[in-house]
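> Sharing a sequence plus its predicted fold:
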Amino acid sequence: MPMNACTGALMTCTFGMAPSSLNVLPTGRIAVEGRPMANILDIMPIVNIPPFGMCTSLANPTVAAATAAALGVLTPMPCLPVIPKPWSPGAPETLAGGAPALTAGSTCQCQWGGVVSMTLPGPMRTQSN
């Protein structure tokens, strides 16, 4: 059974230099251990998907311009993810806010060529002995 993602889930981008945490607005959402559950439409830059530190993709115009100015030496620039399509795959049998829930292993594509992956979907129950 796939693990549903929620606010605080850890994400990485293949062209990003740092991990980032998913943000889910709590409006009309089921809570998982007190955190709003994500769906495949949670793709808004900054609101849902914060930057991944610096971007290293030459498809990103700011990286390309900085690299050209540095005579071809790759020059990372601040990340601003642009996600044109929903996460895939979701969990169609589980709805969160009216859309399929986001799960561990889901990915989405950044306009600049990076693949954003859900690496840790959210809260994990821990018990003390």
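Sure thing, it's come through.

> where in this structure is pLDDT low?
Scanning the chain for pLDDT under 70 picks out 1-2, 123-129.

> give me that answer again for 50
Low-confidence regions of the chain, defined here as pLDDT under 50, cover residues 126-129.

> Would you state the helices of it in chain order?
Counting by DSSP state H, the chain has helices at residues 61-69.

> ok, longest strand in it?
For the chain, the strand with the greatest residue count under DSSP state E is strand 99-109.

> Check which residues of that strand are buried.
99-103, 106, 108-109 (16 or more other CB atoms under 10 Å). C-beta: built from backbone N, CA, C; applies to glycine.

> tell me which of the residues you listed is nearest to residue 30?
residue 101 (8.5 Å; CB to CB).

> all strands for the protein, in order.
10-13, 20-21, 31-32, 35-36, 54-55, 77-78, 88-96, 99-109, 115-120.

> Of all those, which one is nearest residue 65?
In terms of CB to CB, the element of these nearest to residue 65 is strand 77-78, at 8.2 Å.

> that older thread, quick one, which of the strands of the chain gets closest to residue 64.
With respect to residue 64, and counting by CB to CB, the nearest of the strands of the chain is strand 77-78 at 9.1 Å.

> Packing partners of that closest one?
Counting contacts by 3 or more CB pairs under 8 Å, 6 or more residues apart in numbering; DSSP states H and E, strand 77-78 packs against strand 54-55, helix 61-69.

> Would you confirm that residue 106 contacts residue 88?
Yes: in this structure residue 106 lies within contact range of residue 88 using CB atoms under 8 Å: 6.5 Å.
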